[in-house]
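**Q** Quick one: sequence plus predicted model below, questions after.
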Amino acid sequence: MALGTEVDVRYAISGDARLAFRVREGGPHVIVRVPAWISNQDLANLDSQVHGLLDERLSSFATVVSYDQRGTGLSDPVSLGDLPTLEGWTDDLHAVVTAAGLERVVLLAEALAGPVAALYAATRPERTRALILLNTFAAGSGSEDSDAALRSEEHERLVESVVGSWGSGRFLRGLMPDVPVDDEQLRDLARGERQSMSPAVVGAIFRWLYGIDVRAVLPAISAATLVLHTVENRIVSIEQGRYLAQHIPNARLVELPGADNAVFLRSAVGPVVVD
């Protein structure tokens, strides 16, 4: 596998879509960051504000592959009335792994990306070396018996609120309540929202996520799994992180202080090491 120190954006082909990805070489391990739909491979400021310290620590010991989900960033658009299935999003992840010339990878997934990474690890164990789940969940708020259960009308009000404020930076700002953000940084976050997804795509994907549920596949995950979760998280509760750790074999849970959903590693954690 020939990986450059940092390559320009490349494209993987998955079915009828092209997915933008890039590779940053930084060490002997290979980590694929599964995006939570809020990404743009050309937008450095989004990475610096939301994932800056995380990327800095990862690249100290690993080669990091990042990509834009179908319908976001630089990747091809989606039909709002016919979004891919969870299996389709997982196929897209596999297309990126294949196009980058990777064999066995560590998957790192945060927030909305967790179910995609969990399904990939369960169905492609030969390609998954390890799994790192950051502040994520197994079941959406509309799944039966979910700890995050919301009535459909409550979820719809939430989606409408996110769509209505999209492009202002307020959504990304809300993911990191413990981190000081000045006016210039808020403008960067606002630009990151606008350049990752349109409001219509945000609404379609958030509605799709309402009924997502991968709880049944968790026992099939054989890769070593690290679950990191902030204990005061108001968006994805600590109970959801504990559920993942309890139902994935060989999983280890690390409960972190604070409420940040995105940039919590800024305050508490040393480098993540995968044996």
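**A** Happy to help now that I have it. Since this is a predicted model, take the numbers as computed values, not measurements. Numbers count the residues shown, from 1 in each chain.
**Q** so what's R24 bridging to?
**A** R24 has the following beta-bridge partners by DSSP bridges: E6, V64.
**Q** same question but for H29, I mixed them up
**A** Residues in beta-bridge contact with H29 (DSSP bridges): A62.
**Q** Kindly report the same for L19.
**A** For L19, the beta-bridge partners under DSSP bridges are A12.
**Q** Hmm, it is touching R70, no?
**A** Yes - shown here, L19 and R70 form a contact pair, counting by CB atoms under 8 Å, at 6.3 Å. Just so you know, the C-beta spots here come from the backbone N, C-alpha and C atoms, and that holds for glycine as well.
**Q** Which residues are in contact with each of those two?
**A** Common contacts of L19 and R70, defined by CB atoms under 8 Å, 6 or more residues apart in numbering, comprise 76, 92.
**Q** Let me see the contact set for the residue nearest to L218 when sequence neighbours are not counted.
**A** Nearest non-adjacent residue to L218, counting by CB to CB, 6 or more residues apart in numbering: H247, 4.2 Å away. The contact partners of H247, taken as CB under 8 Å, 6+ apart, are 138, 215, 218-219.
**Q** which one is Q69 nearest to, not counting chain neighbours?
**A** Closest to Q69 by CB to CB, 6+ apart is W37, at 5.0 Å.
**Q** Kindly report the same for A138.
**A** Nearest to A138 is R215, by CB to CB, 6+ apart, at 4.7 Å.
**Q** residue contacts, the one you found?
**A** Counted by CB under 8 Å, 6+ apart, R215 has contacts 138-139, 143, 243, 247.
**Q** the helices in the stretch 101-250 of the chain, which residues?
**A** Remark: helices assigned in the stretch 101-250 of the chain by DSSP state H, counting those that start in this stretch are 114-123, 152-165, 170-174, 183-196, 199-209, 238-247.
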